[in-house]
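Enquirer: Whatever this is, show me its structure:
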Amino acid sequence: QVQLVESGGGLVQAGGSLTLSCAGSGRTFSDYAMGWFRQARGKEREFVAAISWSDDSTYYADSVKDRFTISRDNAKNTVYLQMNSLKPEDTAVYYCAVKHWITAQTMGVDAKGDYWGKGTLVTVSS
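Expert: Predicted coordinates:
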């Protein structure tokens, strides 16, 4: 059974940092794009960042560019999201997702995943 499990969420003050992790199990994701999405209360889910399977190229939403960094460790089947300079508007449930054989940009544009985690809550206080 394929599973994605996010961790690392929590409460942080504005300007602070958090690192999210998403560990996959049940299969190898080395040929999957891996990404992060978020959903704030009362809003639709939105794309945050993704990393390609083939060349580790990355793609970010404009709202997080230069503040967030996505990375992956294929040996650990894990994707990370380093979040710096956090703002109250970053408050949301963050979900990881994986999709087979696509680029990071495609994942950002299509916002689709083959598998999804259950999410981890990030709360940024002002």
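
Enquirer: only C-alpha atoms for contact and neighbour calcs from this point on.
Expert: Noted.

Enquirer: could you say what helices and strands the helix or strand of the chain with the lowest mean pLDDT packs with?
Expert: Counting by mean pLDDT, DSSP states H and E, the chain has its least confident helix or strand at helix 104-110, which shows a mean of 91. Using 3 or more C-alpha pairs under 8 Å, 6 or more residues apart in numbering; DSSP states H and E, the elements in contact with helix 104-110 are strand 32-39, strand 46-51, strand 58-60.

Enquirer: Confirm that Trp53 sits in a strand.
Expert: No: remark: Trp53 does not belong to a strand; assigned using DSSP: H, G, I helix; E, B strand; the rest coil, it is coil.

Enquirer: Look up how far Ser126 lies from the residue nearest the centre of the chain.
Expert: For the chain, the residue nearest the mean C-alpha position is Trp36 (2.0 Å; C-alpha atoms, centre = their mean). According to C-alpha to C-alpha, to the nearest Å, Trp36 stands 23 Å off from Ser126.

Enquirer: sorry, back to before: tell me which residues form a beta bridge with the residue nearest to the centre of the chain?
Expert: Assessed by DSSP bridges, Trp36 has beta-bridge partners Ala49, Cys96.

Enquirer: Out of the helices and strands packed on helix 104-110, flag the one nearest Val109.
Expert: strand 46-51 (8.2 Å; C-alpha to C-alpha).

Enquirer: list the helices and strands that closest one packs on?
Expert: strand 32-39, strand 58-60, strand 68-73, helix 104-110.

Enquirer: partners of the second one in the sheet?
Expert: For strand 58-60, sheet partners with direction are given as strand 46-51 (antiparallel), following DSSP bridges.
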